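Chemist: Dropping a prediction and its sequence here:
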Amino acid sequence: MDGHASAVRPAPVEIRGLGYAYGEGELRRPVLRDIDLTIRPGEIVLLTGPSGSGKTTLLTLIGALRAMQEGSCRVLGQELMGASEAQRVQLRRQIGFIFQQHNLLGFLTAQQNVAMAIELDPRTTEAGRLERATAMLAAVGLGDRGASLPSELSGGQRQRVAVARALAGEPGLILADEPTAALDRQSGGEVVRLLRELAKRRGVPILLVTHDPRILDLADRIVSMEDGRIVPTKQAEGVPAA
Amino acid sequence: MNVQAREAPAPPGFLPWAPELTGEAGPPPEPRAPRGRPGAALYLPLRLAWRQLRAEKARLASAIAGVMFACVLVFMQLGFRSALFDSATALLASFRADVFLMHPMTQVSFKPEMLPRVRASQALALPEVQATVPVYLAQATWRNPESGARRAVQLVGFDVEAGVMDFPGLAPLIETLKRPDTMVFDRRSRPEFGPVPKLLAERGPFEVQVANRQMEVVGLIEIGPSFGADGNVVMSETNFRRLVKERQVSQVDLIAIRLVPGADREAAVARLRQVLPPDVTVLGGPDLVKHERDYWESATPIGFIFMFGSIMGLIVGMVIVYQILFSDIASHLKEYATLKAMGYSNFYLGRAVLSAAFILALLGFLPGFALSTFLYDVVGKSTFLPLAMDAPRALAVFGMIFTMCGLAGLLAMRKLRDANPADMF
């Protein structure tokens, strides 16, 4: 929250010396060690690495879904080390999440699902929310499917609704976990390209965990993890800088 | 226009992809103030709960049926319970006396211990006592005038001229009741006593065998059957003695006392207790009714049985509602976890679960109330018990159903903890 004075905009994500372990005592098993990572405004960062390398744990820590143990992690100006549950819940409202599964509420229409992302904002009205949801759906190419239930949509369409939902709340950061894993090649590519395009237009940074080699070219930067540490990688080629 | 979002926030109508905000990486949005219209904090979870319930019609129907079942069960149990107490005390409640004397060992009016009639005369010693009326109670065998079947009937004998009893229909019959071997019959007695009102209308006064004596039915009054007596017959003191020959005149079952107008009942009761020997209990009118009620409530398991039935109904209903809510959460764990990841608090989702519980309470109560009203009518007609729906009972049952669903909701809410957004990735 120190953006007032500073001429340089603060990084949306700034991690220093982060460590995390599961279990206690003898069973303690460290999964993240001494992580330093900065995501700059508007940057699209891909996080790759073999399973078990700790990238998902890192994503949940940045997303304020898990309590910090060690180090410092500043997300959208909020220090997460020692943050209370209420502070974390509050921060999550400024983060757009996209999951492997679409996780849409089956009993709500596409439009209502998207509106759920802004229902917690007390300044919005019902009409305003639905209008924004419709506009968001139009932005992902589903302007005419607002009244459809998730069960009436294809896998790719559902994931596009999830993208619309993640973006509807004007998040300061988007976290995505294997968003293409459940999709075929074509619709997976569409969803990620759409996500990238919408995020770029809004200047929202994205941290995307993926195994999918087909979408590596979307990134501004690729961060590889191995055994709980960040290992050096080459800058993605052929991608214009943000 | 270059938007300085931090200095002057963009107008609320701004869409995030408006040209003013695009083109370059914008600042992260302002942290939102967690304030809002207080109604929305309750309405939005409620709406979410309703949309979820509505989506699964079969599940909703079974939940409503469960609540309705509990509702009807509780209504019937409470109805029977109160009908029991009302009818058990109907006879006593219709005495127009201010104070009663009875034997200290008498537990319930249909099994009275006798007390000396002379206490009635002694009570007159007090200036505030206007009149005392000895009442004789007994059960005798009534022979159905049509089929000849026998059944026990409650006999009530007293000085019909004293104006102590207040049974509807009694007043015009007082002169007739002075004739030998006459009596009036309670028209609300169970039908096993025979179609007395019909016969009376067809033939006028007719003879019925009571306790092996031919008695003439000369009219009808209204008291109502109780669990202690299926039917009632009222007659003069003299006729009672002719019918129940083994009864000594000096031994009565109850003494009704009328105070002079304006006398303080409590003071009179206290003075009567002082004046009279300890072989009588002095009770104010309402206290007698309460004494009778207490007997049914505590000395018999009947009151307990109905309470137990109500509680079982509520528990069954609670289990059904809990099951429905629990499985709703369990089958939507991923969605709930997603909502938590989007910034919905446990508290908010808890409110949604409680809202679902209260929606079920309301949706189950309304048809349950309607069905119970209908059943009260049907059952009341066939059992001749005074079953009637009234507002206090409806409110009480609604309160119980509401509490039942609330508890089920609170129990089911614990399942929300399993919706952990950290496991979503």
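Modeler: Arrived safely. This one's a predicted model, so the numbers in the text were calculated from it and none came from an experiment.

Chemist: what about A:R16, how many residues close to it?
Modeler: Applying other Cβ atoms under 10 Å in any protein chain shown, we find 14 residues neighbouring A:R16. Any C-beta I mention is one placed from the backbone N, CA and C, and that applies to glycine too.

Chemist: let me fix that: B:R117
Modeler: 16.

Chemist: Next: A:A127.
Modeler: 8.

Chemist: Likewise for the one 10 residues further on?
Modeler: Neighbourhood size, A:L137 [other Cβ under 10 Å]: 24.

Chemist: Any part of the one helix or strand it maps to near chain B?
Modeler: A:L137 is part of helix A:126-139 when elements are defined by DSSP states H and E. Yes. Against chain B, helix A:126-139 shows contacts by Cβ under 8 Å from any Cβ of the partner chain at A:128, A:132, A:135, A:139.

Chemist: now the helices for chain A?
Modeler: Shown for chain A, the helices assigned by DSSP state H span residues A:55-62, A:85-92, A:110-116, A:126-139, A:155-168, A:185-202.

Chemist: Equivalent analysis for the stretch 201-350 of chain B, please.
Modeler: Here the stretch 201-350 of chain B has its helices, by DSSP state H, counting those that start in this stretch, at B:237-243, B:265-275, B:285-294, B:302-330, B:333-341, B:346-383.

Chemist: deepest of those, which one?
Modeler: Among those, ranked by average contacts under mean count of other Cβ atoms under 10 Å in any protein chain shown, first place goes to helix B:333-341 (a mean of 22).

Chemist: Does stretch A:19-30 reach chain B?
Modeler: No. Contact between stretch A:19-30 and chain B is absent, the nearest approach being 11.2 Å (criterion: Cβ under 8 Å from any Cβ).

Chemist: if we can go back for a sec, Produce a PyMOL select command limited to the buried residues of the residues of helix A:126-139 next to chain B.
Modeler: Burial among the residues of helix A:126-139 next to chain B is assessed by 16 or more other Cβ atoms under 10 Å in any protein chain shown; the matching PyMOL selection reads:
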select buried, chain A and resi 132+135+139
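
Chemist: For the nearest residue to A:L80 once chain neighbours are set aside, which residues are in contact?
Modeler: Nearest non-adjacent residue to A:L80, counting by Cβ to Cβ, 6 or more residues apart in numbering or on different chains: A:C73, 4.5 Å away. By Cβ atoms under 8 Å, 6 or more residues apart in numbering or on different chains, A:C73 lies in contact with A:13-16, A:18, A:61-62, A:79-81.

Chemist: mind checking which of the helices of chain A is nearest A:V209?
Modeler: Each of the helices of chain A has some distance to A:V209 by Cβ to Cβ; the shortest is helix A:55-62, at 5.1 Å.

Chemist: I'd like to know which elements that closest one is packed against.
Modeler: strand A:13-22, strand A:29-39, strand A:44-48, strand A:70-75, strand A:173-177, strand A:206-209 (3 or more Cβ pairs under 8 Å, 6 or more residues apart in numbering or on different chains; DSSP states H and E).

Chemist: What are the buried residues along the longest one?
Modeler: Buried residues in strand A:29-39, counted by 16+ other Cβ under 10 Å: A:30-33, A:35, A:37, A:39.

Chemist: Columns pLDDT on top of the residues you listed, output as CSV?
Modeler: Supplementary listing: these in CSV, determined by pLDDT from 0 to 100:
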residue, pLDDT
A:P30, 89
A:V31, 90
A:L32, 92
A:R33, 90
A:I35, 91
A:L37, 92
A:I39, 92
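
Chemist: give me the low-pLDDT residue ranges for chain A?
Modeler: Applying pLDDT under 70 to chain A picks out residues A:1-8, A:234-242.

Chemist: and it, what are its domains?
Modeler: A:8-94+A:171-233, A:104-169 (the TED database).

Chemist: The last one: end-to-end distance?
Modeler: Meaning domain A:104-169. 16 Å (Cα to Cα, to the nearest Å).

Chemist: among the domains of chain A, which is nearest B:R188?
Modeler: Each of these has some distance to B:R188 by Cβ to Cβ; the shortest is domain A:104-169, at 53.6 Å.

Chemist: From the chain's centroid, how far away is that closest one?
Modeler: Distance of domain A:104-169 from its chain centroid, counting by Cα atoms, centre = their mean, to the nearest Å, is 17 Å.

Chemist: okay, now the residue in the stretch 201-350 of chain B that chain A sits nearest to: neighbour count?
Modeler: Closest to chain A within the stretch 201-350 of chain B is B:G343: 3.2 Å, counting by Cβ to the nearest Cβ. Around B:G343 there are 24 other residues, counting by other Cβ under 10 Å.

Chemist: contacting residues for it?
Modeler: Going by Cβ under 8 Å, 6+ apart, B:G343 touches A:89-95, A:120.

Chemist: and what of B:G262?
Modeler: With Cβ under 8 Å, 6+ apart, B:G262 has no contacts at all.

Chemist: What pLDDT does the model give it?
Modeler: At B:G262, the pLDDT value in this model is 83.

Chemist: mind checking how far the residue with the largest distance to the centre of chain A is from B:W142?
Modeler: Note on chain A: the largest C-alpha distance from the chain mean falls to A:E26, namely 33.7 Å (Cα atoms, centre = their mean). Separation of A:E26 from B:W142 (Cβ to Cβ, to the nearest Å) stands at 87 Å.

Chemist: Same check on A:A181?
Modeler: 85 Å.

Chemist: Tell me which residues are up against the helix-or-strand element of chain B with minimal mean pLDDT.
Modeler: Least confident helix or strand of chain B, by mean pLDDT, DSSP states H and E, is helix B:90-93 with a mean of 78. With Cβ under 8 Å, 6+ apart as the test, helix B:90-93 has contacts from B:109, B:154, B:156, B:223-224, B:226, B:229, B:232, B:288-289, B:292, B:386.
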